[in-house]
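# Here is a sequence together with a model predicted from it:
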Amino acid sequence: MTDIPAPKTNLKAVLSGSSPAATLTDNSEGMSYLHNLPRRLVTIYLPLTIIVVILLFPFYWMALTAIKPDEQLLDLDKFNPFWTTAPTFKHIHKLLFESYYPWWLWNTMYVAVCATVLSIVASVLAAYAIVRLRYRGANLVGGLIFLAYLVPPSILFIPLATVVFQYGLFDTPFALILTYPTILIPFSTWLLMGYFKTIPYELEECALIDGASRWQILVKIVLPLAVPGLISAFIFCFTLCWNEFIYALTFLQSVQNKTVPVAIVNEFVDGDIYRWGSLMAGALAGSLPLVILYAFFVEHYVSAMTGAVKE
């Protein structure tokens, strides 16, 4: 006669005084509430749909306006504002071939990359010195650096304009490259300080025992481990440089030297006449580099915010 194995008793259920069968039923359910279609519609698909629509609608509106004929842009009572039946590429052609937009795009990229690299280098040195060298008053210095980030740019651009003019940098890209770090370095330093704290100190101690210098530790140990933090700081700095308006409006005057945010507003607005087609085409084309940047590096950006290096 074959022995029939006795059912296993759930120790947790016995200790809690509840029925083992009931506990097994609860454990078997798990996340089964997500398998129910009405619940998925309410808890997953509906919120995601709302979020996606809210995030993508501005890009849809810019793309739609860029290909609408002028009569459809002006007469919203006669034509559907959310669709077009006669798309045209006139506005895009005017933007790319009848204006300085390629130069504006190059100026924006050049200024953003140079200012970002300069800010990242300074922020790495400052953050490493504050966090890893352990000197008296390091925390106070870190707090003061972050407080500098809280100073509004609208207060700084007037004295900075005087300095830029006196040094002969007015209406040149260097006026922006040298002034943008005043708002980029404080936050980047604070961000990298938080990330450097997640790197174990034991790694540096072992390197010091083996005879490595501080520079070798920074270059060969800390920076390779802090790549997600560096990418996060780079994305923040690059985005801020790309979208900055008030400094570019103040320090640049020539049409060919302007950056995209300032140029499309100044050159496609004639008094009270707004050339919406070219405006939206320029805004859409100017936002694509940032979209591509975030699409490729968003995982590193999130990991830097949470701290990816653990002991």
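That came through, no problem. Numbers count the residues shown, from 1 in each chain.
# what packs against whichever helix or strand T65 is part of?
Here T65, judged by DSSP states H and E, is contained in helix 46-66. Packed against helix 46-66, as judged by 3 or more CB pairs under 8 Å, 6 or more residues apart in numbering; DSSP states H and E, are the following elements: helix 276-306. C-betas here are computed from N, CA, C, even on glycine.
# So what angle separates the directions of the helix it packs on and helix 46-66?
140 degrees (axes from the mean of the first three to the mean of the last three CA atoms, to 10 degrees).
# Now do G286 against H93, distance only.
17 Å (CB to CB, to the nearest Å).
# how about the helices in the stretch 1-150 of the chain?
Per DSSP state H, counting those that start in this stretch, the stretch 1-150 of the chain carries helices over the ranges 11-16, 20-29, 37-40, 46-66, 70-74, 90-97, 101-132, 138-149.
# got any ranges where the stretch 1-150 of the chain has weak pLDDT?
1-35 (pLDDT under 70).
# What backbone torsions are found at P81?
Torsion angles at P81 (phi, psi; degrees, to the nearest 10) stand at phi -70, psi -20.
# what about it, neighbour count?
By other CB atoms under 10 Å, the residues close to P81 number 14.
# what's the answer for T179, then?
24.
# Helix or strand: which one has the closest residue to A233 other than its chain neighbours?
Residue nearest to A233 in three dimensions, not counting chain neighbours: S188, with 4.4 Å by CB to CB, 6 or more residues apart in numbering. Here S188 is covered by helix 181-196, with elements defined by DSSP H and E.
# State the next helix or strand along the chain beyond that helix.
helix 201-209.
# Quick check: mean pLDDT of that next one?
The predicted model gives helix 201-209 an average pLDDT of 88.
# buried stuff in the helix holding T65?
Buried residues in helix 46-66, counted by 16 or more other CB atoms under 10 Å: M62, L64, T65, A66.
# Show me the contact partners of it.
73, 82-84, 91-92, 276-281, 283-284, 287 (CB atoms under 8 Å, 6 or more residues apart in numbering).
# how far off helix 90-97 does it point, in degrees?
70 degrees.
# chain center to helix 46-66: distance?
Computed by CA atoms, centre = their mean, to the nearest Å, the chain-centroid distance of helix 46-66 equals 19 Å.
# Can I get it as CSV, trimmed to CA atoms?
Output in CSV follows, covering the C-alpha atoms of helix 46-66 (Å, rounded to 0.1, in the frame of the first residue of the first chain):
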residue,chain,number,x,y,z
LEU,A,46,-5.9,54.8,-17.2
PRO,A,47,-3.2,56.6,-15.1
LEU,A,48,-0.5,55.8,-17.7
THR,A,49,-2.7,57.0,-20.5
ILE,A,50,-3.4,60.3,-18.8
ILE,A,51,0.3,60.8,-18.1
VAL,A,52,1.4,59.9,-21.6
VAL,A,53,-1.2,62.3,-23.1
ILE,A,54,-0.2,65.2,-20.9
LEU,A,55,3.5,64.6,-21.6
LEU,A,56,3.3,64.1,-25.4
PHE,A,57,0.5,66.7,-26.2
PRO,A,58,2.9,69.7,-26.3
PHE,A,59,5.1,67.9,-28.9
TYR,A,60,2.0,67.0,-30.9
TRP,A,61,0.8,70.6,-30.8
MET,A,62,4.2,71.9,-31.9
ALA,A,63,4.4,69.4,-34.8
LEU,A,64,0.8,70.1,-35.9
THR,A,65,1.4,73.9,-35.8
ALA,A,66,4.6,73.5,-37.8
